[in-house]
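Trainee: What follows is a predicted protein model with its sequence.
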Amino acid sequence: MLSRTADHLYWMARYMERAENIARILEVNYRMSLMPQSEVQVEQAWGATLRIMGIENAFHERYAEIGADAVLDFMIFSPDNPNSIRNCLRLARENAHAVRGTVTSELWETTNGTWLKMRDFTPEKMNDQGVSNFFEWVKFRSHLSRGVTIGTMLQDEALRFIRIGTFLERADNTLRIIDVKYQLLLPAGEVEGGAADYYQWSALLRSVSAYEVYRKVYHDLITPERVAELMLLRVDMPRSLARCMKEVFNNLRVVSNDLSAETERRAGLMEATLRFGRIDDIVKEGLHNYVLQALARIDDLGNRIANDFLVPVMPLEDEQAA
């Protein structure tokens, strides 16, 4: 497959998945902001979201204060934010348009239709219809795109690059959700969730479609440690880091080429570490440090995949031990 074609398919999938995950991050913050808490707590929550997405400075260049309305506008509609939901859906559509001859007509129509609908959304329309309803619409369109992809695409390299993009992006965003929410909800030094608000942990689980899964797996009260275990190490949880890395590794093995041995090794090492990992060891190490290291490894994988298969976005740094 031509690297340019693979590049468009990979980024089409990443941008669609990114739009969904941004909607999930915003939804959990929005739900929590409606619960009884101080203005300082609300501002801290929105500020943490901006920091973990790496857009805090860009936000402050355009808005004087951190608040729900300003953050939602910046992360949903702003043309100046390259990772706003609007820009993600536009870029997903542009990448799909570039490979219309490779994707099925159903997938193209789904992606194009999502962008056309998003283009007509305004903050006023979103507020009239309900902010939560808008987030559900974004998630539904991403689910629809993924279902159409699996249901209509040939099981060839094109599908593999779409799947690699989807799960690498999902892994990145799952880690970001864990980091920002775990730090805010877990009091300093507390491992078990006694003082943490049950409803806030429930909102976090619902944001990654994991509330019912948690109940089925643990049959018990929601605790921070088990939430982290579910989202990091449970390979049977669709949005967990372990599941994402298993999918990335398996699909990389199918499309492997003469350049990709080291990339496959690093993906396989991360997948194996998660498969045999224990949450007690991660908590003892420090969840925040663990997340930062995992994010760095995912970023490294993204750069290596670009250099091995796609259109390189930056020079590959010297080899270093993973």
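Mentor: Nice, I can see it.
Trainee: Now do the helices in the stretch 201-322 of the chain.
Mentor: Using DSSP state H, counting those that start in this stretch, the helices of the stretch 201-322 of the chain run over 211-218, 224-232, 241-254, 261-275, 279-285, 287-309.
Trainee: now the shortest one: mean pLDDT?
Mentor: Mean per-residue pLDDT for helix 279-285: 91.
Trainee: try stretch 60-72
Mentor: Mean predicted lDDT for stretch 60-72 stands at 89.
Trainee: any idea whether residue 154 is helix, strand or coil?
Mentor: Following DSSP: H, G, I helix; E, B strand; the rest coil, residue 154 is assigned to coil.
Trainee: For residue 17, give me phi and psi.
Mentor: Note on residue 17: its backbone torsions stand at phi -60, psi -40 [degrees, to the nearest 10].
Trainee: Next one: it from residue 237, what distance?
Mentor: 16 Å (C-beta to C-beta, to the nearest Å). Any C-beta I mention is one placed from the backbone N, CA and C, and that applies to glycine too.
Trainee: again with residue 164
Mentor: Applying C-beta to C-beta to residue 164 and residue 237 gives a distance of 19 Å.
Trainee: The two: which has the busier surroundings?
Mentor: For residue 164 and residue 237, the more surrounded residue by other C-beta atoms under 10 Å is residue 164, and the numbers stand at 29 against 22.
Trainee: does that one sit in a helix or strand, and which one?
Mentor: Assessed by DSSP states H and E, residue 164 sits inside helix 157-185.
Trainee: Just the mean pLDDT for that helix, thanks.
Mentor: Rounded mean pLDDT across helix 157-185 is 88.
Trainee: quick one, what contacts residue 110?
Mentor: The neighbours of residue 110, taking C-beta atoms under 8 Å, 6 or more residues apart in numbering as the test, are 141, 144, 145, 148.
Trainee: who wins for neighbours among those?
Mentor: Most neighbours among the contacts of residue 110, by other C-beta under 10 Å: residue 145, with 26 neighbours.
Trainee: on that earlier part again, please point out which parts of the helix holding residue 164 sit buried.
Mentor: With burial defined by 16 or more other C-beta atoms under 10 Å, the residues of helix 157-185 counted as buried are 157-182, 184-185.
Trainee: cool, and stretch 44-63?
Mentor: By neighbour count on 16+ other C-beta under 10 Å, the buried set for stretch 44-63 is 45, 46, 47, 48, 49, 50, 52, 53, 55, 58, 59, 63.
Trainee: Pretty sure the first one sits against residue 32.
Mentor: Yes. A contact is recorded between residue 45 and residue 32 when judged using C-beta atoms under 8 Å, the distance being 6.1 Å.
Trainee: what's the distance between the spatially most central residue of the chain and residue 209?
Mentor: Centroid-nearest residue in the chain, with C-alpha atoms, centre = their mean: residue 173, separated by 2.7 Å. Using C-beta to C-beta, residue 173 is found at 13 Å from residue 209.
Trainee: got any residues that touch both of these two?
Mentor: Common neighbours of residue 173 and residue 209, using C-beta under 8 Å, 6+ apart, do not exist here.
Trainee: so where's the stretch 201-322 of the chain uncertain?
Mentor: For the stretch 201-322 of the chain, the stretches flagged by pLDDT under 70 are 312-322.
Trainee: right, and the helices of the stretch 201-322 of the chain - which one's nearest residue 91?
Mentor: helix 287-309 (15.7 Å; C-beta to C-beta).
Trainee: Report all helices and strands that the closest one contacts.
Mentor: helix 3-33, helix 157-185, helix 241-254, helix 261-275 (3 or more C-beta pairs under 8 Å, 6 or more residues apart in numbering; DSSP states H and E).
Trainee: and with 10 Å instead?
Mentor: Judged by 3 or more C-beta pairs under 10 Å, 6 or more residues apart in numbering; DSSP states H and E, helix 287-309 is in contact with helix 3-33, helix 157-185, helix 224-232, helix 241-254, helix 261-275, helix 279-285.
Trainee: Out of those, which is closest to residue 119?
Mentor: Comparison of the helices and strands packed on helix 287-309 against residue 119 by C-beta to C-beta identifies helix 3-33 as nearest, at 13.4 Å.
Trainee: buried stuff in that closest one?
Mentor: Residues 5-33 are the ones in helix 3-33 that count as buried (16+ other C-beta under 10 Å).
Trainee: just the angle between it and helix 157-185, please?
Mentor: Here the directions of helix 3-33 and helix 157-185 differ by 30 degrees (axes from the mean of the first three to the mean of the last three C-alpha atoms, to 10 degrees).
Trainee: Adding distance to residue 132, write the helices and strands packed on helix 287-309 out as CSV.
Mentor: Converted to CSV, those look like this (distance: least, C-beta to C-beta, whole Å):
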stretch, distance to residue 132
helix 3-33, 7
helix 157-185, 17
helix 224-232, 21
helix 241-254, 26
helix 261-275, 32
helix 279-285, 31
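Trainee: Tell me which of the ones you listed lies nearest to residue 120.
Mentor: Among the helices and strands packed on helix 287-309, the nearest to residue 120 by C-beta to C-beta is helix 3-33 (15.8 Å).
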